[in-house]
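J.: For reference, the sequence and a predicted model appear below.
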Amino acid sequence: MRSKTQTVLIGLALCVAASSCANRVETQLTFPPAADLKAAPEPDFPVAALEPTPEGKALEDAWWNAILLWGREHHDKVVRICKWAKDLGDKDDCP
């Protein structure tokens, strides 16, 4: 009798162990890069760009390009953060 009970208990233990292994779900929570959570300062407008000279115009054009790149960089950061939030189940509309 002891042998049958021991055999049944071992069989039940193996069934429980096997079923718990089958239900294991691999999860990996990835966070956005820390750099995405820090805002870079906006490029300062150069005072010399106010001069009505070719050099002033060139400085203003360079500033506009820097502003454009700065804005695109921040847009990319927001997109990465929104993707992370959507992966976690957020239903908000993101860019």
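T.: Perfect, I can see it now.

J.: for whichever strand or helix holds residue 64, which positions count as buried?
T.: Here residue 64 sits within helix 54-87, counting by DSSP states H and E. Neighbour-count burial for helix 54-87 flags 59, 60, 77, 81, 82, 84 (criterion: 16 or more other C-beta atoms under 10 Å). (C-beta placed from N, C-alpha, C; glycine too.)

J.: residues touching the last one, list them.
T.: When contacts are counted by C-beta atoms under 8 Å, 6 or more residues apart in numbering, residue 84 touches 30, 31, 32.

J.: since we're on residue 46, how many residues are nearby?
T.: As a burial measure, residue 46 scores 14 neighbours (other C-beta atoms under 10 Å).

J.: my read: it touches residue 57, true?
T.: No. Counting by C-beta atoms under 8 Å, residue 46 stays clear of residue 57, with 11.5 Å between them.

J.: What score does the residue most central in space within the chain have for pLDDT?
T.: Central residue of the chain (C-alpha atoms, centre = their mean): residue 32, 2.8 Å from the mean position. Model confidence at residue 32, given as pLDDT, is 75.

J.: show me where pLDDT drops low in this protein?
T.: Applying pLDDT under 70 to the chain picks out residues 1-2, 8-9, 12-29, 90, 92-93, 95.

J.: Skipping its backbone neighbours, what lies nearest residue 42 in space?
T.: residue 70 (6.2 Å; C-beta to C-beta, 6 or more residues apart in numbering).

J.: how far away is the one you found from residue 5?
T.: 74 Å (C-beta to C-beta, to the nearest Å).

J.: for residue 39, what are its contacts?
T.: Residue 39 neighbours (C-beta under 8 Å, 6+ apart): residue 74.

J.: Now it, what are its backbone angles?
T.: phi -90, psi 130 (degrees, to the nearest 10).

J.: quick one: it and residue 48, what's the gap?
T.: Residue 39 sits 26 Å away from residue 48, going by C-beta to C-beta.

J.: before we move on, the earlier item: show me the contacts for the residue nearest to residue 42.
T.: Counting by C-beta under 8 Å, 6+ apart, residue 70 has contacts 40, 42, 43.
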